[in-house]
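Q: Provided below are the primary sequence and the corresponding predicted coordinates.
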Amino acid sequence: MPNHCYDYPRPALTADIIALRWKRNQLEVLMIRRAHEPFQGELALPGGFVDQNETPLEAAARECMEETGVMTQADHLIEVGCFGNKDRDPRGWTVSVAFIAFLSSQTEASAQDDAKEVQWIPWHSLIKGEHTLAFDHAKIVIKAHETLKMYSLTTPALLNVLETPFRSRQVRFLYRQLWGDQLSPRSFKAWLRRVDLVERVGRALFQAKSHLRLPW
């Protein structure tokens with residue numbers, strides 16, 4: 001087959017992953033501390049370049065495994081968006097596709113490949129900007145937060161971070177990570193009943209239903 005030449009600049013393609021677990025009644029995100037330049041020593045999301053004949057989805061799952069030892073299921077990842085500002089990577093123009101993964105609360109990680117170390121960072125502290133992140137990963141986290149809020153109102157996917165069965169207060173604590181402390185127990189309980197999000201499986205124990213009963 002003939003090789004085609006294009007007159008247009010083409011960026012490199014990368015993938016990043018926001019891997020979340022529920023621990024100590026809070027959402028935590030798996031971060032690495034970079035072992036190499038650029039941004040050596042700074043916190044970053046696991047991620048890297050997409051290999052030839054590989055999809056960004058597959059690359060995100062692979063990079064998470066290679067850098068942290070944590071296995072994710074590529075077909076269960078949630079796409080956050082595409083990030084392509086030309087100044088996001090000092091090595092040159094890279095475009096990244098970011099994904100969210102829900103992990104078991106028992107998930108542990110270890111630094112591998114390009115990671116100097118791994119850390120579980122509380123989600124709320126990232127949203128508040130309490131940490132300096134490499135590249136444009138702070139923007140990716142904010143967009144992931146918006147994506148999670150949307151998913152929390154339209155699907156039971158967020159409940160995948162909870163160990164089943166769970167208690168209703170755990171669901172409320174989880175939703176507060178996204179919506180803040182203004183989420184009162186009474187109003188949240190009424191919303192749970194209205195959308196039919198969970199079903200009882202024991203005394204004060206619940207599991208997620210397959211879908212929400214949306215009002216529209």
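A: Arrived safely, thanks for sending. What you are looking at is a predicted structure, and each value in this text was computed from that prediction instead of being measured.

Q: which stretches of this protein form strands?
A: 12-23, 26-34, 43-44, 47-49, 78-83, 94-102, 115-122, 198-202, 205-208 (DSSP state E).

Q: relative to residue 175, which of the ones you listed is closest?
A: Comparison of the strands of the chain against residue 175 by C-beta to C-beta identifies strand 26-34 as nearest, at 10.4 Å. For every residue, glycine as well, the C-beta is placed using N, CA and C.

Q: so what strands line up beside the closest one?
A: strand 12-23 (antiparallel), strand 43-44 (antiparallel), strand 115-122 (antiparallel) (DSSP bridges).

Q: any idea which of those is most buried?
A: strand 12-23 (a mean of 23; mean count of other C-beta atoms under 10 Å).

Q: mind listing residues that contact the helix-or-strand element of the chain with minimal mean pLDDT?
A: The weakest-scoring helix or strand in the chain, judged by mean pLDDT, DSSP states H and E, is helix 185-195 (a mean of 91). Applying C-beta atoms under 8 Å, 6 or more residues apart in numbering, the external contacts of helix 185-195 come out as 168, 169, 171, 172, 175, 198, 212, 213, 214, 215.

Q: going by distance to residue 204, which of the residues you listed wins?
A: Out of the contacts of helix 185-195, the member with the shortest distance to residue 204 (by C-beta to C-beta) is residue 168, at 7.4 Å.

Q: so the closest one makes contact with residue 206?
A: Yes: here residue 168 reaches residue 206: they are 6.1 Å apart, a contact under C-beta atoms under 8 Å.

Q: shared neighbours of these two, anything?
A: Overlap of the contact sets of residue 168 and residue 206 (by C-beta under 8 Å, 6+ apart) consists of residue 198.

Q: these two: who's more crowded?
A: A direct count of neighbours by other C-beta atoms under 10 Å for residue 168 and residue 206 places residue 206 higher, at 21 against 17.

Q: any figure for the gap between the nearest residue to that one once chain neighbours are set aside and residue 211?
A: Leaving aside its sequence neighbours, residue 206 sits nearest to residue 198 (C-beta to C-beta, 6 or more residues apart in numbering; 4.1 Å). Computed as C-beta to C-beta, to the nearest Å, the residue 198 to residue 211 distance reads 12 Å.

Q: got JSON lines for the strands of the chain, with distance to residue 149 too?
A: Shown next, in JSON lines, are the strands of the chain (distance: least, C-beta to C-beta, whole Å):
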{"stretch": "strand 12-23", "distance to residue 149": "13"}
{"stretch": "strand 26-34", "distance to residue 149": "12"}
{"stretch": "strand 43-44", "distance to residue 149": "23"}
{"stretch": "strand 47-49", "distance to residue 149": "22"}
{"stretch": "strand 78-83", "distance to residue 149": "12"}
{"stretch": "strand 94-102", "distance to residue 149": "12"}
{"stretch": "strand 115-122", "distance to residue 149": "17"}
{"stretch": "strand 198-202", "distance to residue 149": "19"}
{"stretch": "strand 205-208", "distance to residue 149": "17"}
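
Q: quick one: low-confidence parts of the protein?
A: 1-3, 215-216 (pLDDT under 70).

Q: residues contacting residue 139?
A: Counted by C-beta under 8 Å, 6+ apart, residue 139 has contacts residue 83.

Q: ok, the one 10 residues further on next?
A: When contacts are counted by C-beta under 8 Å, 6+ apart, residue 149 is found next to 178, 179.
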